[in-house]
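Asker: Quick one: sequence and predicted model below, then my questions.
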Amino acid sequence: MRLEELLAGAEYTVIAGDVGVDIKGVAYDSRKVQPGDLFVCVSGFKTDGHQYIEEALTAGAIALLAERDVPIIAPVTVVHTANSRYVLPIIADNFYHQPSRELQVVGVTGTNGKTTTTHLIKSILDEARLSASIMGTLYARVGDESKELGHTTPEALEIQEFLEMTREKGLPYAVMEVSSHALDLGRVERVRFTAAVFTNFTQDHLDYHLNMEHYLQAKQKLFRMLPGDGSGLAVINADDPHARAFQEVSRGRVLTYAIDNPAQVKASKVDISIKGTRFVVEYDGGTLNMAMKLIGRFSVYNALAAITFALGQGIKPQIIKKGLERVTGVAGRFEQVDAGQNFTVVVDYAHTPDGLENILRTAREIAENRLITVFGCGGDRDRGKRPQMGEIAARYSDFCVVTSDNPRSEDPGDIIAEIVPGLEKVEGSRYAIISDRREAIHHAIYLARPGDLVVIAGKGHETYQLVKNQILDFDDRRVAREFLKELVR
């Protein structure tokens, strides 16, 4: 494809060379450049693509898109633009021939519940023989092909590649988690969404957004992106205090769901146990008795979001029921680790105040005896939530083990020191501080007695721990299972 075709719709200035040059591929990471590629110099938060131009040229790049003056080396074509990050989605969409125009793209956004909700939606669509690809925190999966991406919503180039693969495989639907970062940074700017789903809105990512208003506006953007002709579908949690803010900006048809407030799709008679969750769905024209293997009130909300979307698509209720009830679980989301022990161990990704409270509230309801919680907070992230999470953990738990999460560049002891004041706010709170996460999990399992429930929160599906500049091999589930097997020998 000619460079000028790739840049169609973007504002740019040709500094050197010819935009008629034929481009074989596009890369923004110099390590992935192939001969004949366009190298897009993106100014990132940790690194700057302009610093890697020499490496890109050595690898065979024949054109550069840059934001500032760069060395001009004949016969390389050099194009300037004001912001490469915001031009990259245009280039990616053009390179893959606008795949979202031929797909039904479903975007799911919210502070918590995105991963489970996307999996539930996919399961319903698959049951209805409306096969879907899926992209999110766990992986991008198209048919039998699966790839970990490292971000909830990756850069525009990977997004458009995913959508093109979906189109090539003949799948009519693509279901995506859409993060606030992706919306604010324009990664999904050229994706044509036909449906947007809102799960909930609580504190998170203030290290990036700085305040809740900016965070809210980023989330709202997805609903502003629905087709202007009114053909899009907006699915909104009416029990969330910010529901109206999303309704007001939504383009297209709006359907709401709730447990407590008035809504078009409602759940009642919610019954939660360690074996699963039962509830009744009431909607225009009927009721649906649900018996899911997923556990917790938060799982009911995730299911309602998927049900409401499916009803909005005209999928028959019995197909919706089958699609949801066949889901046995989602990796790292209230995932039980069972080695035959006489107490319950659950691993969950909860890493926000609201997420932790939802998990622990459910755990408190179903625990036969004591609730023991292992948790920490991530480094280089919103520090304001640390004492909040400490208070929440102490309020619901009989005993807490405060440990390291992904400390990144911070000292784990400093992070824990900011959690402790929250624990101390709860009268009679009992806790231990063990910064080594492996030892913390071991201690919690050692303390557990028959009927206890141990929750290991924060990392969920992750198979690594980020410490300084290292990526360490670490999986809460594997570590817990190792200690449990020793225990039940």
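Answerer: Done, it's in. Numbers count the residues shown, from 1 in each chain.
Asker: hey, let's count contacts and neighbours off CA atoms from now on
Answerer: OK.
Asker: which residues in the stretch 151-300 of the chain form helices?
Answerer: Listed in chain order, the helices of the stretch 151-300 of the chain (DSSP state H, counting those that start in this stretch) span 156-168, 180-184, 206-209, 212-224, 243-249, 297-312.
Asker: got the buried residues for the fifth one?
Answerer: To tie it back to what came earlier, the one meant is helix 243-249. For helix 243-249, the neighbour count (16 or more other CA atoms under 10 Å) marks 243, 246, 247, 249 as buried.
Asker: Centre of the chain to it, how far?
Answerer: 21 Å (CA atoms, centre = their mean, to the nearest Å).
Asker: just to revisit the earlier point, show me which of the buried residues of helix 243-249 is closest to residue 57.
Answerer: residue 249 (44.5 Å; CA to CA).
Asker: Counting neighbours, what do you get for the nearest residue in space to the closest one that is not next to it in sequence?
Answerer: Once flanking residues are discounted, residue 249 sits nearest to residue 224: 5.8 Å by CA to CA, 6 or more residues apart in numbering. Neighbouring residues of residue 224 were enumerated by other CA atoms under 10 Å; the total is 17.
Asker: Give me the pLDDT for residue 224.
Answerer: If you check residue 224, the pLDDT there is 95.
Asker: go on, residue 487?
Answerer: For residue 487, the predicted pLDDT is 91.
Asker: residue contacts, residue 472?
Answerer: Neighbouring residues of residue 472 by CA atoms under 8 Å, 6 or more residues apart in numbering: 464, 465, 466.
Asker: what about the first one, distance to residue 471?
Answerer: Spelled out, that is residue 464. 6 Å (CA to CA, to the nearest Å).
Asker: next one: residue 25
Answerer: 30 Å.
Asker: ok, now residue 56?
Answerer: 26 Å.
Asker: Likewise for residue 384?
Answerer: For residue 384, the distance to residue 471 - CA to CA - is 25 Å.
Asker: Likewise for residue 437?
Answerer: For residue 437, the distance to residue 471 (CA to CA) stands at 14 Å.
Asker: How is this protein divided into domains?
Answerer: 3-84, 99-325, 335-487 (automatic domain parsing).
Asker: now those domains as JSON lines including distance to residue 90?
Answerer: JSON lines is the format used below for those (distance: least, CA to CA, whole Å):
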{"stretch": "domain 3-84", "distance to residue 90": "7"}
{"stretch": "domain 99-325", "distance to residue 90": "6"}
{"stretch": "domain 335-487", "distance to residue 90": "30"}
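Asker: which residue packs closest to residue 75, ignoring adjacent ones?
Answerer: residue 17 (6.6 Å).
Asker: surely that neighbour meets residue 80?
Answerer: No: judged on CA atoms under 8 Å, residue 17 makes no contact with residue 80 at a distance of 11.9 Å.
Asker: Of these two, which one has the most company?
Answerer: Neighbours were tallied for residue 17 and for residue 80 using other CA under 10 Å; the higher tally belongs to residue 80 (20 against 17).
Asker: ok, that one - contacts?
Answerer: Taking CA under 8 Å, 6+ apart, one finds 12, 13, 14, 15, 65, 66, 67, 68 in contact with residue 80.
Asker: one more time with 6 Å, if that's ok
Answerer: By CA atoms under 6 Å, 6 or more residues apart in numbering, the residues touching residue 80 are 12, 13, 65, 66, 67.
Asker: out of those, which are buried?
Answerer: Neighbour counting with 16+ other CA under 10 Å marks 12, 65, 66, 67 as buried within those.
Asker: Extract the residue ranges of the stretch 251-400 of the chain that are flagged as low pLDDT.
Answerer: Along the stretch 251-400 of the chain, the model assigns pLDDT under 70 to no residue.
Asker: Quick one: the strands in it, in order.
Answerer: According to DSSP state E, counting those that start in this stretch, the stretch 251-400 of the chain carries its strands in the segments 253-258, 265-273, 276-283, 286-292, 335-336, 344-348, 371-375, 399-402.
Asker: pLDDT wise, what is the closest residue to residue 395 other than its chain neighbours at?
Answerer: Closest residue in space to residue 395, ignoring its immediate chain neighbours: residue 426 at 6.2 Å, by CA to CA, 6+ apart. At residue 426, the pLDDT value in this model is 98.
Asker: Pull the number of nearby residues for residue 426.
Answerer: Burial of residue 426 is recorded as 16 neighbouring residues (other CA under 10 Å).
Asker: do the same with the one 4 residues further on
Answerer: Burial measure for residue 430: 14 neighbouring residues, criterion other CA under 10 Å.
Asker: ok, it touching residue 397?
Answerer: No: taking contacts as CA atoms under 6 Å, residue 430 lies outside contact range of residue 397: 8.5 Å.
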